[in-house]
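sequence first, predicted coordinates after that:
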Amino acid sequence: MANKVRPIKPSEVAKGKKAVFPDEVLEAFNELITKNFWGGSATIKQEDVVRLMVKKGLTPKAIDENHWLDVEEVYEDAGWDVEYDKPGYNESYAATFKFSR
């Protein structure tokens, strides 16, 4: 009997991730991208997107444990260039996501 399950293709990963993200995750990112989009890009502070997700009903613990901030592949699949920047060992500034056309 042939197996019905096959390995996932790299091109299918973003669609798979999108399916497991609660709507509140993409809603929060979409709202902040729209609000902060100027000159071809939008930069969003991680703390702001977490705050908005919590306001929408998610918990910080669930956001962290489920890696719901790892949206790069999903948005890149939708046509965005996404850069995540966080402070290094001796740096102190807010972690950000930059979404560009």
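Thanks, I have the structure now.

isn't Ala42 right up against Phe99?
Yes. With contacts defined as Cβ atoms under 8 Å, Ala42 counts as touching Phe99 at a distance of 4.8 Å. All C-beta atoms are positioned from the backbone trio N, CA, C, and that covers glycine.

and those two? Which one has more around it.
In this comparison of Ala42 against Phe99, neighbours counted by other Cβ atoms under 10 Å, the higher total goes to Phe99 at 23 against 19.

spatially nearest residue to the most centrally placed residue in the chain, not counting backbone neighbours?
What sits nearest the mean C-alpha location of the chain, by Cα atoms, centre = their mean, is Val71, with 2.4 Å. Using Cβ to Cβ, 6 or more residues apart in numbering and skipping the chain neighbours, the partner closest in space to Val71 is Phe29 (5.9 Å).

got the end-to-end distance for stretch 82-92?
21 Å (Cα to Cα, to the nearest Å).
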